[in-house]
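Visitor: Here's my sequence, what's the structure:
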Amino acid sequence: MSKIRVYELAKELGVSSKDLINILMDQFSVEVKNHMSVIENEDAELIKELLSNKGEAVTKDEEETSNKTSNETVEKQENIVQEYEEMTFKEADKASKKNKKRKKKGSLDEIHEEDEKDSSKENGDIIEIGNTITVKELAEKLEKPTNEVIKTLIFTGVMAAINQEIDFETAQKVAEKFEVVLERKEEEAVLEEVEEEIELEENLEKRPPIVTVMGHVDHGKTSLLDAIRKAKVTESEAGGITQHIGAYTVNVNGEKVTFLDTPGHEAFTAMRARGAQVTDVVILVVAADDGIMPQTVEAINHCKAANVPMVVAINKMDRPGANPDRVKQELTEHGLVAEDWGGDVVCVPVSAKTHENLDTLLEMVVLTAEMLELKANPNRNAKGTVVEAKLDKGRGAVASLLIQSGTLRAGDAIVVGSTYGRIRAMFDDKGRKIKSAGPSIPVEILGLSDVPAAGDRFHMVKDEKTARQMAETRKEKERQEGFNSSHRVSLEDLYSQIKEGKVKELSIIVKADVQGSVEAIKASLEKLSTDDVKVRVIHGAVGAISETDVTLATASNAILIGFNVRPNENAITAAEKEKVDIKTYRVIYDAIEDVKSAMIGMLEPEYKEVVLGSAEIRQIYKLSSVGTIAGCYVLKGKIVRNAEIRLVREGIVILESKLSSLKRFKDDAKEVNAGYECGLSIEKFNDLKEGDIIEAFAMETIARKEL
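Guide: Predicted coordinates for the structure are as follows:
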């Protein structure tokens, strides 16, 4: 018996897939998982027949309703006219002037409300101002002549011209003289109001989906983007502007789709870390001849952490060794089951080289986005996210913005993080100059005071002065937060945070020297979950702790646990900057016991490891009388003769021991500082290789911490 998919039936009926799913489940009791589910042709014909009959009945009801509505509108307008006739000529004239100022016509009740607001100042009500205000603006707020305000300022001991700014305290003293109460309105509160503004359903319009393509670097991500865009990034005549702006739009069957051209999962996570929910759908690219790779696993974990729907593109189907079933099998190991295997993840076999199934992939992306019912209000102040930014010698600060709501126009004043400016020029993804852009459209702008950070939020404000004040307030706030930086979750203070209700779920990232250790630690840690706190290993992999791991830990407020591995220099720097807790262990039970003790408040660390310095082995000398001597260059800190040392090879800890000798030329040395060369040998160990790293460390005793 032939079957039909839900989205195909939805197309025939002219309704959205989501609406059809609701109808099938609520009215016809047909169980369907998503738009890719199939139903029997007989059921489909019955649904078509019933819906067509229902549609005719609805049309009649709509006609009756529209007649009622038109009658009500006429009555309402007659009432308004009657109210105008009852008012005096002077009052009516005043009301009509106010009515003209409004963009949308309201009733006379709204006019009366405005009259009440106007009279409130006369009754001595509160006026809100920012931290600073010009003399002219204060005079306008108080509805007093400017010379009177200046005179009052002189009597209070302040000499100020008409356009000079005065602080809130000075303005408050002036207002008291005129029997008016001033209240301080924090500049940041304006943005909070914008963020919390509730959008009415009738103001929302459909917007294009924002799609990020992620995956392993060798799996054809860029080639797929080129094929979708029908251009070549490597050719100078096309794609240069698109690569520069970092985002672009394409048309798919009359529907616009915005692609975020970011450098993979790292930028995606950085945006998540700053709280910017930019992406709606992710295309996960996996090579059909290569399968799941470590970076693919990281991409999957980032998508899960962001709770973003995925469409899997199984690329390189033109290769002889292509095996899509193997890819689907490997996906199941990470909790992703293909829809043709009974799951809910859409997998599309494609080839960027031959353009095979590209249309199907794009159609699946559009259908996935349709299920999300993406909407935004274009008729409000614009807000969105910075995709990337740089300083151009000729044009100054250049920022690529992705508008998420509202409409941005050339000449608008915006505040972006702790920077601000007025948009001098705006360009689309093709490099063409434009005057305005709506939701989900990427633009490149000029006119900012400084280069913002990727992932920063931007908001449109009424004027450049307001933008400057907000940016300065944010800058000051950031400076204060730098002094009192919030401490991320760590094993030492985990128990107190659980008791305060701050931690409900402990996220952990595990890195180890072999895959077996990763699985063992992962299983053991997750068994420690209690009613108070759930332990969840969000990522586990083999290899040294990298900067990418620290970035993921920052985004998900996780603890990094390393087993027989060490963090590299970039990871250590990033962890110190982001206050990420990294714990390294040589014994698996120590890691489990530490997490368990921290959860029940019994963890009392007595020793803290202090890394004194590190040196790189540049040359090996083998002497029959002494053994193997390593010629080293001290990279940072210092190598101390009596300190404990650790031998690290490609991020994996090979040995922990002590030095048997440390020499500078022919002389024995107690310590050798960074930038100098030395010769050393390790007690009872000769398997040294060029490129190995020698880390010198000491165990520092610290006071026990009461939790």
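Visitor: what sits against the nearest residue to Pro294 once chain neighbours are set aside?
Guide: Among residues not flanking Pro294 along the chain, Ala541 sits closest, at 5.7 Å (Cβ to Cβ, 6 or more residues apart in numbering). Every residue, glycine included, has its C-beta placed from N, CA and C. Ala541 makes contacts with 294, 297-298, 510-511, 518, as judged by Cβ atoms under 8 Å, 6 or more residues apart in numbering.
Visitor: The stretch 251-400 of the chain: helices as residue ranges?
Guide: Assigned by DSSP state H, counting those that start in this stretch, the stretch 251-400 of the chain shows helices spanning 265-273, 294-306, 324-332, 358-372.
Visitor: any idea which element Leu612 lies in?
Guide: Using DSSP states H and E, Leu612 sits in strand 607-623.
Visitor: quick one: strands adjacent to that strand?
Guide: On the basis of DSSP bridges, the sheet neighbours of strand 607-623 come out as strand 627-640 (antiparallel), strand 693-701 (antiparallel).
Visitor: Outside of it itself, list whatever touches it.
Guide: 628-640, 643, 672-674, 677-680, 686, 688-702.
Visitor: give me every residue that touches Gly421.
Guide: Listed by Cβ under 8 Å, 6+ apart, the contact partners of Gly421 are 397, 413-414, 447-449, 464, 467.
Visitor: what does the model give the residue of the chain positioned farthest from its centre for pLDDT?
Guide: Ranked by distance from the centre of the chain (Cα atoms, centre = their mean), the top residue is Ser625, with 60.1 Å. We have a pLDDT of 80 for Ser625.
Visitor: One more: Ile434?
Guide: The model's pLDDT for Ile434 equals 91.
Visitor: Likewise for Asp581?
Guide: As predicted, Asp581 sits at a pLDDT of 85.
Visitor: That one and Ile559 touch, don't they?
Guide: Yes: counting by Cβ atoms under 8 Å, Asp581 touches Ile559, with 4.9 Å between them.
Visitor: Show the buried residues in the contacts of strand 607-623.
Guide: 629-630, 632, 634-635, 637-640, 643, 672, 678-680, 688, 692-697 (16 or more other Cβ atoms under 10 Å).
Visitor: can you tell me the helix or strand for Ser661?
Guide: Under DSSP H and E, the secondary-structure element containing Ser661 is strand 652-664.
Visitor: typed the wrong thing, it's Ala575
Guide: Going by DSSP H and E, Ala575 is in helix 569-578.
Visitor: tell me the average confidence for that helix?
Guide: Mean predicted lDDT for helix 569-578 stands at 87.
Visitor: domains for the protein, by residue range?
Guide: Per automatic domain parsing, the structural domains of the chain span 3-65, 87-121, 124-185, 208-373, 383-478, 494-603, 609-701.
Visitor: ok, of these, where does mean pLDDT dip lowest?
Guide: If you rank those by mean pLDDT, domain 87-121 sits at the bottom with a mean of 44.
Visitor: and Lys256, how many residues sit next to it?
Guide: Per other Cβ atoms under 10 Å, the neighbour tally for Lys256 reads 15.
Visitor: Was I right to think it contacts Val211?
Guide: No: taking contacts as Cβ under 8 Å, Lys256 lies outside contact range of Val211: 11.1 Å.
Visitor: where does Glu706 land on pLDDT?
Guide: At Glu706, pLDDT is 38.
Visitor: Same list (the contacts of Ala541) but as CSV, adding neighbour count and distance to Ala437.
Guide: What follows is the contacts of Ala541, written out as CSV (neighbours: other Cβ atoms under 10 Å; distance: Cβ to Cβ, whole Å):
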residue, neighbour count, distance to Ala437
Pro294, 12, 38
Val297, 17, 36
Glu298, 24, 33
Val510, 26, 44
Lys511, 28, 42
Val518, 19, 46
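Visitor: Which one of these is nearest to Asp280?
Guide: Taking Cβ to Cβ as the measure, Asp280 lies nearest Glu298 of the contacts of Ala541, at 20.4 Å.
Visitor: which residues sit in contact with the closest one?
Guide: Taking Cβ under 8 Å, 6+ apart, we find Glu298 in contact with 265, 539, 541, 548, 552.
Visitor: Mind exporting the C-alpha coordinates of the helix or strand in which the fourth one is found to CSV?
Guide: Same thing as Thr548. Thr548 is part of helix 547-556 when elements are defined by DSSP H and E. Taking Å, rounded to 0.1, in the frame of the first residue of the first chain, the C-alpha atoms of helix 547-556 are listed here in CSV:
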residue,chain,number,x,y,z
GLU,A,547,41.4,25.6,24.4
THR,A,548,38.2,24.3,22.7
ASP,A,549,37.5,22.2,25.9
VAL,A,550,37.9,25.4,28.0
THR,A,551,35.5,27.2,25.7
LEU,A,552,32.9,24.5,26.0
ALA,A,553,33.4,24.5,29.8
THR,A,554,32.8,28.3,29.9
ALA,A,555,29.6,28.0,27.9
SER,A,556,28.1,25.3,30.1
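Visitor: Number the residues from 633 up from this point.
Guide: Sure thing, new numbering starts at 633, so read that last one as helix 1179-1188.
Visitor: who does that helix touch, helix- and strand-wise?
Guide: helix 897-905, helix 926-938, strand 1137-1144, strand 1166-1174, strand 1191-1195, helix 1201-1210 (3 or more Cβ pairs under 8 Å, 6 or more residues apart in numbering; DSSP states H and E).
Visitor: and those as CSV, adding distance to Val1227?
Guide: Listed next are the helices and strands packed on helix 1179-1188 as CSV, based on distance: least, Cβ to Cβ, whole Å:
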stretch, distance to Val1227
helix 897-905, 24
helix 926-938, 20
strand 1137-1144, 8
strand 1166-1174, 7
strand 1191-1195, 8
helix 1201-1210, 18
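Visitor: So which of these is nearest Arg1054?
Guide: Using Cβ to Cβ, the helices and strands packed on helix 1179-1188 put helix 897-905 closest to Arg1054, at 25.3 Å.
Visitor: about what we covered before: of all the strands paired with strand 1239-1255, which one is nearest Val662?
Guide: So among the strands paired with strand 1239-1255, strand 1325-1333 is nearest, using Cβ to Cβ, at 62.5 Å.
Visitor: tell me the angle of that closest one relative to helix 1201-1210?
Guide: Strand 1325-1333 runs at 30 degrees relative to helix 1201-1210, counting by axes from the mean of the first three to the mean of the last three Cα atoms, to 10 degrees.
Visitor: okay, the angle between strand 1325-1333 and strand 1284-1296?
Guide: Strand 1325-1333 and strand 1284-1296 meet at an angle of 90 degrees, taking the same axes, to 10 degrees as the criterion.
Visitor: I would like the residues contacting strand 1325-1333, please.
Guide: The contact list for strand 1325-1333 (Cβ under 8 Å, 6+ apart) reads 1198, 1238-1249, 1262, 1264, 1267, 1269-1272, 1275-1281, 1312.
Visitor: Show me which residues of stretch 939-948 are buried.
Guide: For stretch 939-948, by 16+ other Cβ under 10 Å, it's 940-948.
Visitor: Kind regards, and thank you for your time.
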